[in-house]
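Novice: no sequence for this one, just the structure:
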Ligand SMILES: [Zn+2]
C-alpha cells in the first residue's frame with residue numbers, strides 16, 4: 001500500500017521559508033522527513049559540519065550541507081502570485097488530485 005502520511009509539502013515542491021533566519025527565501029525541497037515533519041530545502045539553512053580528521057581528509061574539514069527546517073515554517077510558492085500561498089486540493093476530470101493556489105487557482109503540482 002502506498003504511504004498515506006503526507007505533509008502539506010513534498011519533495012520537489014518549491015517553497016518559501018516563513019520563519020527563522022532564512023525567512024523570505026525560496027527553494028526546492030530536496031528531501032522530507034515525515035516522522036519528524038522536517039524538510040530539507042536546497043541552499044537554505046546551510047549548516048557547517050566539522051568533520052574529524054580521517055584517512056581521506058587528514059586535516060579534517062568543514063562540510064556544508066542543508067539543515068532541517070520544520071515543515072510548518074515553509075509554504076508552497078505560487079509562481080503566478082510570486083509568494084507563499086495556501087494550497088487547495090482539486091480533482092481533475094481524469095480523477096487525479098492536484099494542489100492549486102487558493103488565490104489564483106494555478107496548479108502547483110508538477
Ligand atoms: Zn497563485
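Specialist: Yep, that arrived. Keep in mind the model is a prediction, meaning the values are calculated, not measured.
Novice: and the nearest residue to residue 72 once chain neighbours are set aside, what pLDDT?
Specialist: Distances taken as Cβ to Cβ, 6 or more residues apart in numbering put residue 37 closest to residue 72, at 7.1 Å, once the chain neighbours are dropped. To be clear about C-beta, it is placed using only N, CA and C from the backbone, and glycine gets the same treatment. On pLDDT, residue 37 comes in at 95.
Novice: for residue 77, same thing?
Specialist: Residue 77 is given a pLDDT of 96.
Novice: where's the most centrally placed residue in the chain, which helix or strand?
Specialist: Per Cα atoms, centre = their mean, the C-alpha nearest to the average position across the chain is that of residue 29, at 3.2 Å. Residue 29 is part of strand 26-33, with elements assigned from DSSP states H and E.
Novice: which helices and strands does that strand pack with?
Specialist: In this structure, strand 26-33 packs against strand 14-17, strand 38-41, with contacts taken as 3 or more Cβ pairs under 8 Å, 6 or more residues apart in numbering; DSSP states H and E.
Novice: Give me the distance between the first one and the centre of its chain.
Specialist: Think strand 14-17. Here strand 14-17 is found 6 Å from its chain centre; the criterion is Cα atoms, centre = their mean, to the nearest Å.
Novice: Strand partners (parallel or antiparallel) of that strand?
Specialist: strand 26-33 (antiparallel), strand 74-78 (antiparallel) (DSSP bridges).
Novice: go on, the last one?
Specialist: Within its sheet, and counting by DSSP bridges, strand 38-41 is paired with strand 26-33 (antiparallel), strand 69-70 (antiparallel).
Novice: Just the buried positions in the longest one, please.
Specialist: Using 16 or more other Cβ atoms under 10 Å as the burial criterion, the residues of strand 26-33 that qualify are 26, 27, 29, 32.
Novice: Done for today, thanks.
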